[in-house]
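Peer 1: Fold the stuff below for me.
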Amino acid sequence: MTMHRLVPEDERAPMRLTDQEFLDARKQSEQLIAGATEELDRLFTTVGRAGCCILLTDRKGIALERRGSAGDDKDFHDLGLWTGSVWTEASMGTNGIGTALADERSVAIFRDQHFFCSNIRLSCTTAPIRDHRGELAAALDISTCRDEVNEMTLAILTQTVRDAALRIELNLFRSAFAGARFLMVPTSANSAAALLAVDRHDLVLGATRAARIALQLDDKRIAAGIPAADALHEATVSQQEEIVEAEKAALLRALSRTSGNVSQAAIALGISRATLHRKMKKLGLH
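Peer 2: Numbers count the residues shown, from 1 in each chain. Have a look, this model is predicted:
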């Protein structure tokens, strides 16, 4: 009321984009939509028959994708839970999508906790989605206007939408670093969300928000090329020991690929069989 000059009694529906504006918004979020589509379908098979509507929005609150049962379409369309609608706190007051985006955290808004009287039939739970740099990128919302929904049911839906949002985040992260290796960072909570993307030289290419927090990483440190071993605070060894271990690893890979055949491994490495035997003896690989 103070910041946005809104009045609870207003019978206001969300603003809707023009067809061209909506197409432009979807084009800007192609990767997000691609990374979320399978998860949206899976989520709908879980909650769709319970009269729930699922919305995926971008970071501006624009509804890009929707899942819902045909029998509930009219109610949700009239309420503005439809593609092309814009759900922000600035225009709609307290609501699941707008508040989750404004606070950058998961929220559950139960009926009359909504700001506008026109939305008090709704029960909504929303989780933010972050991109591969840990920045706010989108929101995933489950809404229902069924009378039988209570706060306990909403709590279950809240956990469901959080889990789905996390899986979308991980999809976005993996697609952003296609071809990289992914390391799970040991953390005290939600370690599945804490991932590092590393290249073949063990240098960190990217980190999820959970990994950034756990390891105190930022874009500057990642861009500088920090080794994953250093980021994970693994036991340090001398540069000479690292060279020895790297050579040993190369020989082990070659021998593994040839099922232990020394002659074939030597050919693959571009060295003589005798040289390979000497190196194996030196490194204790016989």
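
Peer 1: Confirm that Gly284 sits in a helix.
Peer 2: No - using DSSP: H, G, I helix; E, B strand; the rest coil, the secondary structure at Gly284 is coil, not a helix.

Peer 1: Give the burial count for it, as a bare number.
Peer 2: If you count neighbours by other Cβ atoms under 10 Å, Gly284 ends up with 7. All C-beta atoms are positioned from the backbone trio N, CA, C, and that covers glycine.

Peer 1: In contact with it, which residues?
Peer 2: Applying Cβ atoms under 8 Å, 6 or more residues apart in numbering to Gly284 gives no contacts.

Peer 1: is it fair to say Ala266 lies in a helix?
Peer 2: Yes - Ala266 sits within a helix when classified using three-state DSSP.

Peer 1: Can you check the pLDDT for it?
Peer 2: Predicted confidence (pLDDT) at Ala266: the value is 92.

Peer 1: gap between Leu6 and Met92?
Peer 2: Applying Cβ to Cβ, to the nearest Å, the value for Leu6 to Met92 is 8 Å.

Peer 1: in this protein, which helix or strand is least confident?
Peer 2: helix 239-257 (a mean of 88; mean pLDDT, DSSP states H and E).

Peer 1: could you dump that one to PDB, C-alpha only?
Peer 2: The C-alpha trace of helix 239-257 is given here as PDB (Å, rounded to 0.1, in the frame of the first residue of the first chain):
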ATOM      1  CA  GLN A 239      54.100 -29.100  -7.900                       C
ATOM      2  CA  GLN A 240      56.500 -32.000  -8.500                       C
ATOM      3  CA  GLU A 241      54.200 -34.500  -6.900                       C
ATOM      4  CA  GLU A 242      51.300 -33.100  -9.100                       C
ATOM      5  CA  ILE A 243      53.400 -33.800 -12.200                       C
ATOM      6  CA  VAL A 244      54.200 -37.300 -11.100                       C
ATOM      7  CA  GLU A 245      50.500 -38.000 -10.300                       C
ATOM      8  CA  ALA A 246      49.400 -36.600 -13.700                       C
ATOM      9  CA  GLU A 247      51.900 -38.900 -15.500                       C
ATOM     10  CA  LYS A 248      50.700 -41.800 -13.500                       C
ATOM     11  CA  ALA A 249      47.100 -41.100 -14.200                       C
ATOM     12  CA  ALA A 250      47.900 -40.900 -18.000                       C
ATOM     13  CA  LEU A 251      49.500 -44.300 -17.900                       C
ATOM     14  CA  LEU A 252      46.700 -45.900 -15.900                       C
ATOM     15  CA  ARG A 253      44.100 -44.600 -18.400                       C
ATOM     16  CA  ALA A 254      46.100 -45.900 -21.300                       C
ATOM     17  CA  LEU A 255      46.500 -49.300 -19.700                       C
ATOM     18  CA  SER A 256      42.800 -49.400 -18.800                       C
ATOM     19  CA  ARG A 257      41.700 -48.600 -22.300                       C
END
